[in-house]
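Undergrad: Structure of the sequence below:
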Amino acid sequence: MKLMNRKEAAEFLGITPNYLGILVNNSKSGIPFVTLSLNSKGRKYYTREALENWLKARTKTQQER
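TA: Numbers count the residues shown, from 1 in each chain. Predicted coordinates for the structure are as follows:
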């Protein structure tokens, strides 16, 4: 499992790193991340699998709108 930094994850999602930060800090969006620190202020890392699952969970068909 490869960890992506904020810039790489944002690029994967097709958004800016700043917008990714907003989504991560928004408790409703629930973008999954990993910290490698003992406190909550550590850097956040992302996995491709988790981001793909997050996208799939938010994919809607025309009828579901």
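
Undergrad: Can you pull the phi and psi angles for Tyr46?
TA: Listed backbone geometry of Tyr46 is phi -130, psi 150, with angles given as degrees, to the nearest 10.

Undergrad: Find the helix or strand that Arg53 is a member of.
TA: Quick fix: residue 53 is Asn, not Arg. According to DSSP states H and E, Asn53 maps onto helix 48-58.

Undergrad: And that helix, how far out from the chain middle?
TA: When distances are taken as C-alpha atoms, centre = their mean, to the nearest Å, helix 48-58 is centred 8 Å away from the chain's centroid.

Undergrad: just checking, what packs against it?
TA: In this structure, helix 48-58 makes packing contacts with helix 6-13, judged by 3 or more C-beta pairs under 8 Å, 6 or more residues apart in numbering; DSSP states H and E. (Glycine included, C-beta is placed from N, CA and C.)

Undergrad: who touches the very next helix or strand once past the helix it packs on?
TA: Next along the chain after helix 6-13, taking DSSP H and E as the criterion, comes helix 17-25. The set of residues external to helix 17-25 that reach it, using C-beta atoms under 8 Å, 6 or more residues apart in numbering, is Arg6, Lys7, Ala9, Ala10, Leu13, Ile15, Ser29, Ile31, Phe33, Lys44.

Undergrad: Return the residues in contact with Asn39.
TA: Residues near Asn39 by C-beta under 8 Å, 6+ apart: none.

Undergrad: for the residue sitting nearest the centre point of the chain, helix, strand, or coil?
TA: When the chain is reduced to its mean C-alpha position, the nearest residue by C-alpha atoms, centre = their mean turns out to be Ile31, at 4.0 Å. For Ile31, the secondary-structure state derived from DSSP: H, G, I helix; E, B strand; the rest coil is coil.

Undergrad: Just list the residues touching it, thanks.
TA: Shown in contact with Ile31 (C-beta under 8 Å, 6+ apart): Leu20, Leu23, Val24, Tyr46, Leu51, Trp54.
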